[in-house]
Structures are given as structure tokens and as C-alpha cells.
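Novice: Turn this into a structure:
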Amino acid sequence: MSDKFRVLVCGGGNGAHVMAGLAAAKPDIEARVLTLFADEADRWSESLKTNDLTILVKGSDGQPDTAIKAKPSIVSKKPEEVVPGCKMIIFVVPAFAHNQYLDAIKPYVDPKCIILGVPGPSFDYAVRGILGDKSDNVLIFETLPWACRIKEYGKEVEILGSKETILGAIQGSLSTAPIGPMGKTPVETLQYILGAAPVLHVTGHPLGITLMAAHTIHCAIMYGTWANWDGKPLDKVPLFYQGVDEATAQLMSDLSNENLTVTEGIKRKRPDVDLSQVKHVYDWFMTRYTNDVQDKSSLKTVLQTNNAYAGLKHNMLEIEPGKFVPDFTHRYLSENVPFGLAVTRGVAEVAGIETPIMDKILLWAQEKLGKEFLVNGKMQGKDIQYTRCPQAYGLTTLDDILGH
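Specialist: Predicted structure coming up:
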């Protein structure tokens, strides 16, 4: 039996390919993959019979492209084949798939295993709600480390760009334990897998990552753009970020201020909990995109002059040639509401803090999604189980939310 440090990557998409390849490239790590979707495991396994997994890394600042070749030891859709013996399990799947994977690994997971959500705002609620006392060690991050795309399934994936830093938080009895290769801590182990970039900045409580999530931006823009739409098709597709007007920017700021109100309310009740990661959305932009923004004079101008957002448009449906209507099934509502806005609203409810701006947006968004989350001022709708708000997992006290 191998004495290598065993890492399991859950997922079969772009990010999972990169994560599995980077882990497998380390000589003292055995990388395994669990993918439950359709025939992905069979396709990836078939490719590995005759090919390495190649990660193409785009060069920056005039540097040449590079290639990393590696081979996960096994790719399977059967958790019993890949979970036992793993000391780190990294979820690199969309939030809506987390519960399915947690249910699948539950019978086989080692209680001393580190569970990672990449990205993972509120991922700790799902881990706590489904795995219970089988795992109290959770490491979450606000976003994926890279922009990447599969070029050939199971054979080749391309990293288009890596973020300079990503923010994370860890909780559990093994947070600083030397569990990884060469006695590395969980955070050091993940940094070892990723390489020099992005730099992992892990601090504070996981709730800080959840309250700082980017759903504030997307949900505010969707509401600001479409809440008063008359239903008539548009002749052209509007810009998403660069099309923000003053009223929408103000709504985004107000929503962000509510997040801060929730944060401050929790800190008053639990002053020992570090939620320092939570910032106003303007400050978040200044941290992430300071070199990309041309006009930093206001939140509106930050959105309109951010080079990273140049040309990005709303997701629309072309119902006839040259006629467009908004696609309310896109992830900016279908994911950012149940796994973002609804979560923050659920936390606020447990903390006893009113959120009128949040409520207004949530009521509109759930109607567009055909769901019921917020009913009569409470997170008690019939579709609450499809969210990741704490109420969906029976987490109804502040101690439940904080994992105390």
C-alpha cells in the first residue's frame, strides 16, 4: 500500500481537472478523483489508460507557456473505491452538487480528514448538516484559484490565468495540525499543491467568507436591471457590469451595508468570532481589482471602468432574430440566490437582524425562479431544502451557525 498522502478531488469539470492534475504532479501525493456525473468517470479513466493528464499554463508578462503532465491514480464514480484512506477531500464542483457528493462520501470518510470547498461560501453548513460529527475540519475559499477550461476531456486542460491571492477560512481540531506531506498543515498542503500562485490568505471564521460572497454584486445587478422591466424584448443585449446605473450601484451599496449590519450584529453577540474578512463591496473591489479599475471615484464608476469586466453582457435568450429577453435561469439567480443571498438572509434571521433590502431582492428573485424560500418574513418556504441557508440543515442558533 502506498505511503503517499492521499488527496481526493470531487468533480469532473474544468477546475477538478486542474486540481487533480496539480495534486498528482507532486511526488509525495496520490491523487484520486470522484465524479458522479453521467459517464465522466468512464471517459476520464479511458483516457488515462493511454494518456497523461496535461495542464497547459498560459505564460504571463512575456513568459512562455508551460505544460505539467501527471496522472491521477484512479478516477471513479464509486465512492467506496476512492474515499477510504484519503486525508484531504477537495470539492471542486458547483454548489448545487455539494450535497450529492457529501451524501456519497459519508459512509467512507475518515473523521480526521480535511474537507475543502473550492469555492465554498457556506460549504461548512452542508458539511456540518450532512456529515455531522464525522468531520469537524473544514477549509473554504471564496473563489476558484484560476480561470481554466478543458481542451480534451480527461487528457488536457488549460489554465488561462491564476488569481494573485484568494481568501479562505478554516475551522476544526486539525486546523494547524501537521497532517500533510513533510508535516505540512492543511493550508500549507493546499498551497503546496497549487504552487506559487495564487497565494492563500486564510484568516478568520468561515462565516466571514459566506457574508463576503460575490452574490451581493450579481443579485443587485439583476434586480436593478430587471425588476421594473416591462416584459418587452430588447433589440440588443445590455452590458452587465458596465451597464450599471446610479440606482443599481446604490442598491448594491445598500445591500452590502446590510451584510455589514449582520456582521456587526453577530460580532456584538460573539466578540470572539473573527469576521474581519467582511468588507463593503467597494472595498472588496479595491482589494481585488485595484489595477484594473480606471475610475475609482464611486462604486458605479468602479463597475463601469473595470477592465476585467469589459464587454461582459447579461445572459439573454434570443426568442426571435434580434429580439432578446433575460435568462432568469442563469447562475446569477439560480445559484447566487439559493447558495448566496438566501444563506445570508438565513444567517440574519438566526441573528435576529432585519434586512429589508435583502428581503426585497430575495422575494423578487425567488418569484423569477419559481421557488419559495422567504415566506411571511421567515426562511420557511417549501423550497428551503434547495438552498444552503442554515435552516435547511436544522442550524437554528448562532452557536449552530458558528459550529460551537
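
Novice: contacting residues for the residue positioned nearest the centre of the chain?
Specialist: Geometric centre of the chain, nearest residue: Pro119, 2.9 Å, by CA atoms, centre = their mean. Contacts for Pro119 (CB atoms under 8 Å, 6 or more residues apart in numbering) come out as Ile140, Phe141, Glu142, Thr143, Leu144. C-beta here means a position set from N, CA and C on the backbone, and glycine is covered the same way.

Novice: again with His314
Specialist: Shown in contact with His314 (CB under 8 Å, 6+ apart): Thr225, Val237, Pro238, Leu239, Phe240, Gly243, Pro326.

Novice: Mind pulling up the pLDDT for the last one?
Specialist: By that I understand Pro326. With respect to pLDDT, Pro326 scores 97.

Novice: What's opposite it in the beta bridge?
Specialist: Beta bridges link Pro326 to Met316 when assigned by DSSP bridges.

Novice: And Val375, how far from Gly394?
Specialist: 18 Å (CB to CB, to the nearest Å).

Novice: typed the wrong thing, it's Gln277
Specialist: Gln277 is 26 Å from Gly394, by CB to CB.

Novice: between the two, who's got more neighbours?
Specialist: Using other CB atoms under 10 Å, the more surrounded residue of Gln277 and Gly394 is Gln277, with 23 against 9.

Novice: The more buried one touches Pro206, doesn't it?
Specialist: No: with contact defined as CB atoms under 8 Å, Gln277 does not count as touching Pro206 (9.5 Å).

Novice: Which neighbours do the two have in common?
Specialist: Common contact partners of Gln277 and Pro206 (CB under 8 Å, 6+ apart): Ala169.

Novice: from the chain's centre, how far out does the longest helix seen in the chain sit?
Specialist: Scanning the chain for the helix with the most residues, using DSSP state H, yields helix 246-269. Here helix 246-269 shows a centroid-to-chain-centroid distance of 20 Å under the convention CA atoms, centre = their mean, to the nearest Å.

Novice: again, but for stretch 12-28
Specialist: That offset, for stretch 12-28, works out to 18 Å (CA atoms, centre = their mean).

Novice: repeat for stretch 137-157
Specialist: 11 Å.

Novice: start to end distance for stretch 320-328?
Specialist: End-to-end distance for stretch 320-328, by CA to CA, to the nearest Å: 17 Å.

Novice: what's next to that stretch, contact-wise?
Specialist: Taking CB under 8 Å, 6+ apart as the rule, stretch 320-328 contacts 225-226, 229, 233-237, 314-319, 334, 368-369.

Novice: how about a cut-off of 7 Å?
Specialist: Contact partners of stretch 320-328, identified using CB atoms under 7 Å, 6 or more residues apart in numbering, comprise 226, 233-235, 237, 314-319, 368-369.

Novice: what pLDDT does Thr165 get?
Specialist: Here, the pLDDT recorded for Thr165 equals 88.

Novice: so it sits right up against Val202, yeah?
Specialist: No: between Thr165 and Val202 there is no contact under CB atoms under 7 Å: 10.5 Å.

Novice: quick one: which of these two has more around it?
Specialist: Using other CB under 10 Å, the more surrounded residue of Thr165 and Val202 is Val202, with 21 against 13.

Novice: The residue lying closest to the more buried one once chain neighbours are set aside bridge partners, please.
Specialist: Nearest residue to Val202 in three dimensions, chain neighbours excluded: Gly168, at 4.4 Å (CB to CB, 6 or more residues apart in numbering). Note on Gly168: beta-bridge partners Phe141, Val202, judged by DSSP bridges.

Novice: who are the neighbours in contact with Gly168?
Specialist: Leu139, Ile140, Phe141, Leu200, Val202, Ile209.

Novice: Out of those residues, which comes closest to Gly340?
Specialist: Ile209 (11.6 Å; CB to CB).

Novice: burial of that closest one, as a residue count?
Specialist: 28.

Novice: Over to Arg270?
Specialist: Arg270, neighbours per other CB under 10 Å, totals 18.

Novice: residues contacting it?
Specialist: Contact analysis of Arg270 by CB under 7 Å, 6+ apart lists Leu398, Leu402.

Novice: start at 37 instead
Specialist: In the new count, where the first residue is 37, that last one comes out as Arg306.

Novice: And the pLDDT at it?
Specialist: pLDDT, Arg306: 96.

Novice: Check Asp97 too.
Specialist: 68.

Novice: hmm, back to that, which strands or helices does the longest helix of the chain pack on?
Specialist: Contacts defined by 3 or more CB pairs under 7 Å, 6 or more residues apart in numbering; DSSP states H and E place helix 282-305 against helix 242-247, helix 251-262, helix 317-325, helix 335-340, helix 378-387, helix 392-405.

Novice: Other residues contacting the fourth one?
Specialist: By that I understand helix 335-340. 277-278, 280, 282, 285, 288-289, 317-318, 321, 329, 331-332, 345.

Novice: Which of those sits closest to Asp435?
Specialist: Distances from Asp435 to the contacts of helix 335-340, taken by CB to CB, are shortest for Val317, at 28.6 Å.
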